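Student: coords please:
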Amino acid sequence: MTNHTYLRAYLAGVFIPTLLFPVLITLLLVAKFAAQQPIPVERIVIFPLAFVPFLWGFWNVLWTATHNRTHLPLGLHGAILPFLLVPGGAVLAKCLGVITLGSSSLNWFQAVEIPYALIACGFVFALVMYYLVWKYVIGFVNRVLGVA
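Tutor: Numbers count the residues shown, from 1 in each chain. Got it, this is the predicted structure:
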């Protein structure tokens, strides 16, 4: 199966975000209806729904195109992706008024204070999760589709 390698790589990349977003949207909607204060869910899901699946697919195509030259393991390649997503998401959230930055924490919707130390721990957790998902899940889908 050698035809359309990059299309198959793109489809393998968008597999996980496409499966997870309905679950995340459901959780956000439940949080919106259960919260004491209104949460504008529309502003939260614009970035993930529009950009994250595309970037995961593009990232897998990029790995497929450059793997013969770089020999970078897929898990490590996937762990680099949060370094692009988190700053992009933070800039978009700041522009949309979802977050405000303080001296020791960020304020989410003027309702929740999140300390920067907790954000750093979450980022490290995200790096580990991205590594594992890319190594095992995306790697498996790549093998099934004949990309890797």
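
Student: Report the separation between the residue nearest to the spatial centre of the chain and Thr100.
Tutor: Nearest to the mean C-alpha position of the chain, by Cα atoms, centre = their mean, lies Val52 at 5.4 Å. Counting by Cβ to Cβ, to the nearest Å, the separation of Val52 from Thr100 is 23 Å. Heads up, the C-betas are built off the backbone N, CA and C, glycines and all.

Student: name the element the residue nearest to the centre of the chain belongs to?
Tutor: Using DSSP states H and E, Val52 maps to helix 41-70.

Student: moving C-terminal of that helix, what's the next helix or strand?
Tutor: For helix 41-70, the following helix or strand on the C-terminal side (DSSP H and E) is helix 74-80.

Student: Identify the residues contacting that next one?
Tutor: 59, 62-63, 127-128, 130-136, 138-139, 142, 148 (Cβ atoms under 8 Å, 6 or more residues apart in numbering).
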